[in-house]
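**Q** Here is a sequence with its predicted model. Questions after.
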Amino acid sequence: MDYFILYFIGVIATTIGTLAGGGGLISLPTMLLFGLPIHSAIGANKVSNTVSSFSSFFTLYKRKQITLSESFWVIPISLGGGITGGFIATQLSSNLLYILAICLLAFAFITSFIGKGNFTGENPLKLTAVSGPGLFGIGIYDGLFGPGQGTLMLYLFSYLNIAYVKSVGLVRLATFSSCFGASISYISSGAIIWPLTFALMAGSITGAQLGVRIAEKLKPQYVKPILRIVTALLIVQLVMNNIM
């Protein structure tokens, strides 16, 4: 696979992933199309997302869009979920991973029309009976499969009535944590193809910074429609991959 193509894929996928999740809609199917084994493709996503997600979180932190006091507890929960999911993924077939992803995204898509959250709130993120298990469960999903993790998390933060730009920062921190945990599992299993992973990582870092700058200018009322479009495309893509 051409390294420049992978870099460009990383830019586009991570820009979209930062704004609404679903970057894996682009990167994962493309890598599979080029013949990478599914576990190697997922592993490349995990390693590159570990670096790029932290870079976008740190940018928002420096701009005081997010504080460590309300976000630090996200790290161990998402890390634990990512490690758990990454371990489970090595034991499951690719078909089962696709089916699980489709079911979760379909559930999120349906509930998005029911929930009233629209990212205009100013609530801080607190550890509650909803946020803790929700983040841990999404961390497991991220370690298991990945595409749609950010989308699912944005739905959660919308339900918790957290502002959009803060939500983006929290998603990127949680993505860093769960991907770091999942990366450990994939690296230890020997699934990583490092030259291709580094090319994807370079593009992902560029896309993360571009996504942050767009997110700061995006009006909150436009976020839910974008999320729904991304979710619908994710479901269609996963269904097509599963039946082909």
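**A** Ah, there it is. Since the structure is predicted, the reported quantities are computational estimates derived from the model, not experimental observations.
**Q** other SSEs contacting the strand or helix carrying P76?
**A** Using DSSP states H and E, P76 sits within helix 74-89. Applying 3 or more Cβ pairs under 8 Å, 6 or more residues apart in numbering; DSSP states H and E, one finds that helix 74-89 contacts helix 38-62, helix 131-144, helix 164-188. The way it works is simple: take the backbone N, C-alpha and C, and place the C-beta from them, glycine included.
**Q** is it true that K46 touches F176?
**A** No: with contact defined as Cβ atoms under 8 Å, K46 does not reach F176; the gap is 10.6 Å.
**Q** neighbour count winner among the two?
**A** K46 (29 against 25; other Cβ atoms under 10 Å).
**Q** Give me the distance between the more buried one and G21.
**A** Look at K46 and G21: by Cβ to Cβ, to the nearest Å, they are 15 Å apart.
**Q** try G137
**A** On the measure of Cβ to Cβ, G137 and G21 end up 15 Å apart.
**Q** So those two - more neighbours on which side?
**A** G21 (28 against 17).
**Q** need the helix or strand of this protein with the lowest average pLDDT.
**A** helix 94-112 (a mean of 78; mean pLDDT, DSSP states H and E).
**Q** For that one, list the C-alpha coordinates in PDB.
**A** Written as PDB, here are the backbone C-alpha positions of helix 94-112 (Å, rounded to 0.1, in the frame of the first residue of the first chain):
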ATOM      1  CA  SER A  94     -14.300 -10.700  12.300                       C
ATOM      2  CA  ASN A  95     -17.900 -11.500  11.500                       C
ATOM      3  CA  LEU A  96     -19.000 -11.300  15.100                       C
ATOM      4  CA  LEU A  97     -17.100  -8.000  15.500                       C
ATOM      5  CA  TYR A  98     -19.100  -6.500  12.600                       C
ATOM      6  CA  ILE A  99     -22.400  -7.700  13.900                       C
ATOM      7  CA  LEU A 100     -21.700  -6.200  17.400                       C
ATOM      8  CA  ALA A 101     -20.700  -2.900  15.800                       C
ATOM      9  CA  ILE A 102     -23.900  -2.700  13.700                       C
ATOM     10  CA  CYS A 103     -26.100  -3.400  16.700                       C
ATOM     11  CA  LEU A 104     -24.500  -0.700  18.900                       C
ATOM     12  CA  LEU A 105     -24.500   1.900  16.200                       C
ATOM     13  CA  ALA A 106     -28.100   1.200  15.200                       C
ATOM     14  CA  PHE A 107     -29.100   1.600  18.900                       C
ATOM     15  CA  ALA A 108     -27.200   5.000  19.100                       C
ATOM     16  CA  PHE A 109     -28.900   6.200  15.900                       C
ATOM     17  CA  ILE A 110     -32.400   5.400  17.100                       C
ATOM     18  CA  THR A 111     -31.800   6.900  20.600                       C
ATOM     19  CA  SER A 112     -30.400  10.100  19.000                       C
END
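**Q** ok, how many other residues are close to T90?
**A** 14.
**Q** residue contacts, it?
**A** H39, S185, S189 (Cβ atoms under 8 Å, 6 or more residues apart in numbering).
**Q** switch to 10 Å and redo it
**A** Residues in contact with T90 (Cβ atoms under 10 Å, 6 or more residues apart in numbering) are H39, G143, L144, S185, Y186, S188, S189, A191.
**Q** Please apply the same query to F176.
**A** Taking Cβ under 10 Å, 6+ apart, one finds 49-58, 74-75, 78-79, 82 in contact with F176.
**Q** can we see that at 6 Å?
**A** Contacts of F176 were listed using Cβ atoms under 6 Å, 6 or more residues apart in numbering, and they are T50, S53, F54.
**Q** Which one (most neighbours) among those residues?
**A** With neighbours defined as other Cβ under 10 Å, the most crowded of the contacts of F176 is S53; it has 27 neighbours.
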